[in-house]
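Visitor: Any chance you can model this:
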Amino acid sequence: MKAMTDLGTVERKAFVPAKDFALSKQFYEDLGFQIPWSSDELAYLHHGNCTFLLQHFL
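Guide: Numbers count the residues shown, from 1 in each chain. Model prediction:
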């Protein structure tokens, strides 16, 4: 088994809390963000090089 020597970060994502999840998703879409994936609790948003995870936060 080969030892893992390259433990560099590939990607980091920020979690952004949202009390009103549906309204927050619409807000970011209106700003031009795309939502390629979403569930009831989490959504992946991106616009150009900017990406983050929108989290339904009560």
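Visitor: Please count neighbours and contacts with C-alpha atoms only from this point.
Guide: Noted.
Visitor: Tell me where this protein has helices.
Guide: With DSSP state H as the criterion, the chain has helices at 21-30.
Visitor: At the geometric centre of it, which residue do we find?
Guide: Nearest residue to the geometric centre of the chain (C-alpha atoms, centre = their mean): Leu53, 2.0 Å.
Visitor: Return the set of residues that bridge with that one.
Guide: Beta-bridge partners of Leu53, counted by DSSP bridges, are Phe15, Tyr44.
Visitor: I'd say it and Ser38 touch.
Guide: No: here Leu53 does not reach Ser38: they are 9.4 Å apart, not a contact under C-alpha atoms under 8 Å.
Visitor: quick one: common contacting residues for these two?
Guide: Residues within reach of Leu53 and of Ser38 at once, by C-alpha atoms under 8 Å, 6 or more residues apart in numbering, are Tyr44.
Visitor: before we move on, back to that, quick one: residues contacting the residue nearest to the centre of the chain.
Guide: Taking C-alpha under 8 Å, 6+ apart as the test, what Leu53 contacts is Lys13, Ala14, Phe15, Val16, Leu42, Ala43, Tyr44, Leu45.
Visitor: Cheers, nothing more for now.
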